[in-house]
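A.B. asks: Here's my sequence, what's the structure:
(chains A and B)
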Protein chains: 2
Amino acid sequence: MYVILVYDVGEKRVGKMLKLCRKYLHWIQNSVFEGEITEVKLKELLSKARAIMTLEEDSVLVFKSRDEKWLEKEIVGQERNTLDNFI
Amino acid sequence: MYVILVYDVGEKRVGKMLKLCRKYLHWIQNSVFEGEITEVKLKELLSKARAIMTLEEDSVLVFKSRDEKWLEKEIVGQERNTLDNFI
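C.D. replies: Sure, this is the predicted structure:
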(Lines give C-alpha, C1' and ligand atoms only; values in the text may rest on other atoms or scores of the structure.)
Protein backbone atom coordinates (compact mmCIF):
# COMPACT_ATOMS: atom_id res chain seq x y z
CA MET A 1 0.00 0.00 0.00
CA TYR A 2 1.19 3.52 -0.81
CA VAL A 3 0.72 6.23 1.83
CA ILE A 4 1.21 9.93 2.31
CA LEU A 5 1.73 10.95 5.93
CA VAL A 6 1.63 14.51 7.26
CA TYR A 7 2.21 15.39 10.87
CA ASP A 8 1.47 18.57 12.77
CA VAL A 9 3.02 18.36 16.21
CA GLY A 10 4.32 20.77 18.82
CA GLU A 11 7.87 22.02 18.24
CA LYS A 12 9.27 19.94 21.09
CA ARG A 13 8.08 16.73 19.46
CA VAL A 14 9.13 17.47 15.87
CA GLY A 15 12.57 15.85 16.16
CA LYS A 16 11.21 12.59 17.52
CA MET A 17 8.43 12.41 14.94
CA LEU A 18 10.82 13.11 12.09
CA LYS A 19 13.19 10.39 13.25
CA LEU A 20 10.34 7.91 13.66
CA CYS A 21 8.71 8.58 10.29
CA ARG A 22 12.01 8.41 8.44
CA LYS A 23 12.41 4.84 9.64
CA TYR A 24 9.29 3.82 7.72
CA LEU A 25 8.81 6.29 4.87
CA HIS A 26 10.56 8.70 2.50
CA TRP A 27 10.78 12.29 3.63
CA ILE A 28 9.55 14.65 0.90
CA GLN A 29 8.82 17.93 2.65
CA ASN A 30 9.06 19.51 6.09
CA SER A 31 6.43 17.29 7.73
CA VAL A 32 5.39 15.18 4.74
CA PHE A 33 6.39 11.58 4.02
CA GLU A 34 5.43 9.05 1.39
CA GLY A 35 6.14 5.47 0.53
CA GLU A 36 5.13 1.86 0.25
CA ILE A 37 4.27 0.30 3.58
CA THR A 38 2.33 -2.73 4.78
CA GLU A 39 -0.79 -2.42 6.94
CA VAL A 40 1.12 -4.02 9.83
CA LYS A 41 4.08 -1.65 9.58
CA LEU A 42 1.75 1.34 9.33
CA LYS A 43 -0.04 0.26 12.51
CA GLU A 44 3.33 -0.05 14.21
CA LEU A 45 4.34 3.44 13.02
CA LEU A 46 1.07 5.03 14.16
CA SER A 47 1.25 3.31 17.52
CA LYS A 48 4.76 4.71 18.07
CA ALA A 49 3.57 8.11 16.83
CA ARG A 50 0.74 8.11 19.40
CA ALA A 51 3.30 7.53 22.13
CA ILE A 52 5.19 10.67 21.05
CA MET A 53 2.13 12.87 20.39
CA THR A 54 0.13 15.04 22.75
CA LEU A 55 -3.20 13.88 21.38
CA GLU A 56 -5.11 17.03 22.41
CA GLU A 57 -2.78 19.23 20.36
CA ASP A 58 -1.05 17.17 17.70
CA SER A 59 -2.28 15.37 14.64
CA VAL A 60 -1.11 12.91 12.04
CA LEU A 61 -2.91 12.51 8.73
CA VAL A 62 -2.49 9.42 6.60
CA PHE A 63 -3.80 9.10 3.05
CA LYS A 64 -3.74 5.54 1.80
CA SER A 65 -3.92 4.34 -1.77
CA ARG A 66 -3.75 0.77 -2.90
CA ASP A 67 -1.43 1.78 -5.67
CA GLU A 68 0.87 4.78 -6.17
CA LYS A 69 -0.18 4.99 -9.82
CA TRP A 70 -3.59 6.33 -8.74
CA LEU A 71 -1.92 9.42 -7.39
CA GLU A 72 -0.14 12.01 -9.46
CA LYS A 73 2.30 14.26 -7.65
CA GLU A 74 3.11 17.86 -8.54
CA ILE A 75 5.74 19.93 -6.79
CA VAL A 76 6.10 23.70 -6.91
CA GLY A 77 9.35 25.06 -5.50
CA GLN A 78 11.85 23.03 -3.53
CA GLU A 79 11.82 19.28 -3.08
CA ARG A 80 13.75 17.63 -0.28
CA ASN A 81 16.56 15.39 -1.31
CA THR A 82 15.00 11.96 -0.97
CA LEU A 83 18.46 10.44 -0.69
CA ASP A 84 18.28 11.04 3.06
CA ASN A 85 16.34 7.82 3.25
CA PHE A 86 19.21 5.70 2.02
CA ILE A 87 21.99 7.10 4.18
CA MET B 1 -10.41 15.74 -9.52
CA TYR B 2 -9.62 15.27 -5.84
CA VAL B 3 -6.42 16.80 -4.48
CA ILE B 4 -4.40 16.98 -1.31
CA LEU B 5 -2.24 20.09 -1.05
CA VAL B 6 0.52 20.64 1.50
CA TYR B 7 2.56 23.81 1.69
CA ASP B 8 5.82 24.52 3.46
CA VAL B 9 6.53 28.23 3.30
CA GLY B 10 8.44 30.77 5.36
CA GLU B 11 6.57 32.13 8.39
CA LYS B 12 6.04 35.53 6.77
CA ARG B 13 4.12 33.93 3.90
CA VAL B 14 1.97 31.50 5.89
CA GLY B 15 -0.97 33.88 6.34
CA LYS B 16 -1.23 34.68 2.63
CA MET B 17 -0.92 31.03 1.61
CA LEU B 18 -3.55 29.94 4.11
CA LYS B 19 -5.97 32.58 2.88
CA LEU B 20 -5.34 31.65 -0.75
CA CYS B 21 -5.70 27.89 -0.30
CA ARG B 22 -8.89 28.25 1.75
CA LYS B 23 -10.52 29.94 -1.24
CA TYR B 24 -10.11 26.76 -3.27
CA LEU B 25 -9.92 23.82 -0.85
CA HIS B 26 -10.94 22.54 2.59
CA TRP B 27 -8.46 23.11 5.37
CA ILE B 28 -7.80 19.90 7.28
CA GLN B 29 -4.57 20.46 9.16
CA ASN B 30 -2.02 23.20 9.80
CA SER B 31 -0.72 23.35 6.22
CA VAL B 32 -2.83 20.61 4.61
CA PHE B 33 -5.86 21.06 2.38
CA GLU B 34 -8.06 18.72 0.42
CA GLY B 35 -10.97 18.88 -1.94
CA GLU B 36 -12.52 18.57 -5.35
CA ILE B 37 -11.09 21.01 -7.85
CA THR B 38 -10.92 21.32 -11.62
CA GLU B 39 -7.62 21.29 -13.52
CA VAL B 40 -8.22 24.93 -14.49
CA LYS B 41 -8.90 26.08 -10.93
CA LEU B 42 -5.86 24.17 -9.66
CA LYS B 43 -3.64 25.91 -12.23
CA GLU B 44 -5.07 29.23 -11.09
CA LEU B 45 -4.39 28.35 -7.44
CA LEU B 46 -0.80 27.24 -8.13
CA SER B 47 -0.09 30.31 -10.22
CA LYS B 48 -1.26 32.53 -7.35
CA ALA B 49 0.76 30.41 -4.91
CA ARG B 50 3.92 30.92 -7.01
CA ALA B 51 3.40 34.65 -6.76
CA ILE B 52 3.40 34.41 -2.95
CA MET B 53 6.23 31.88 -2.61
CA THR B 54 9.97 32.40 -2.45
CA LEU B 55 10.71 29.55 -4.84
CA GLU B 56 14.24 28.92 -3.51
CA GLU B 57 12.91 28.27 -0.01
CA ASP B 58 9.24 27.32 -0.15
CA SER B 59 7.39 24.37 -1.58
CA VAL B 60 3.89 23.24 -2.37
CA LEU B 61 3.06 19.58 -2.88
CA VAL B 62 -0.06 18.48 -4.68
CA PHE B 63 -1.29 14.88 -4.81
CA LYS B 64 -3.98 14.37 -7.41
CA SER B 65 -6.42 11.52 -7.65
CA ARG B 66 -9.14 11.16 -10.24
CA ASP B 67 -11.53 10.06 -7.52
CA GLU B 68 -11.57 10.56 -3.75
CA LYS B 69 -12.70 6.95 -3.30
CA TRP B 70 -9.22 5.73 -4.27
CA LEU B 71 -7.82 7.35 -1.17
CA GLU B 72 -8.60 6.31 2.36
CA LYS B 73 -7.93 8.87 5.08
CA GLU B 74 -6.91 8.13 8.65
CA ILE B 75 -6.48 10.76 11.33
CA VAL B 76 -4.66 10.36 14.63
CA GLY B 77 -5.20 13.16 17.13
CA GLN B 78 -6.92 16.43 16.34
CA GLU B 79 -8.77 17.28 13.15
CA ARG B 80 -9.45 20.86 12.20
CA ASN B 81 -13.06 21.85 12.11
CA THR B 82 -13.79 21.73 8.40
CA LEU B 83 -16.68 24.13 8.92
CA ASP B 84 -14.22 26.98 8.54
CA ASN B 85 -14.62 26.52 4.83
CA PHE B 86 -18.29 27.44 4.89
CA ILE B 87 -18.11 30.55 7.03
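
A.B. asks: what residues does chain A put near chain B?
C.D. replies: By CB under 8 Å from any CB of the partner chain, the part of chain A that sits against chain B consists of A:4, A:6, A:8, A:28-32, A:46, A:49-50, A:53, A:55-66, A:70-79. The C-beta positions use only the backbone N, C-alpha and C, and glycine is treated the same way.

A.B. asks: Help me confirm that A:Glu57 comes into contact with A:Gly10.
C.D. replies: Yes - here A:Glu57 reaches A:Gly10: they are 5.8 Å apart, a contact under CB atoms under 8 Å.

A.B. asks: Ramachandran angles for A:Val14?
C.D. replies: Backbone torsions of A:Val14, given as degrees, to the nearest 10, read phi -60, psi -50.

A.B. asks: Give me the pLDDT value at it.
C.D. replies: As predicted, A:Val14 sits at a pLDDT of 95.

A.B. asks: just to revisit the earlier point, just the buried residues out of the residues of chain A next to chain B, in PyMOL syntax.
C.D. replies: Selection of buried members from the residues of chain A next to chain B for PyMOL, criterion 16 or more other CB atoms under 10 Å in any protein chain shown:
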select buried, chain A and resi 4+6+8+28+29+30+31+32+46+49+53+58+59+60+61+62+63+64+65+71+76+77+78
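
A.B. asks: out of the residues of chain A next to chain B, which are inside helices?
C.D. replies: Judged by DSSP state H, helices contain the following of the residues of chain A next to chain B: A:Leu46, A:Ala49, A:Arg50.

A.B. asks: Next, please give the residue ranges for the strands of chain A.
C.D. replies: Ranges of strands within chain A are A:2-8, A:26-29, A:32-36, A:59-65, A:72-77, based on DSSP state E.

A.B. asks: Just the pLDDT at A:Thr82, thanks.
C.D. replies: For A:Thr82, the model assigns a pLDDT of 49.

A.B. asks: Ok, A:Ile87 next?
C.D. replies: Note for A:Ile87: predicted pLDDT of 41.

A.B. asks: so where is chain A shaky, pLDDT-wise?
C.D. replies: For chain A, the stretches flagged by pLDDT under 70 are A:80-87.

A.B. asks: could you dump the strands of chain A to a markdown table with distance to B:Thr38?
C.D. replies: Shown next, in a markdown table, are the strands of chain A (distance: least, CB to CB, whole Å):
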| stretch | distance to B:Thr38 |
| --- | --- |
| strand A:2-8 | 22 |
| strand A:26-29 | 24 |
| strand A:32-36 | 24 |
| strand A:59-65 | 20 |
| strand A:72-77 | 15 |
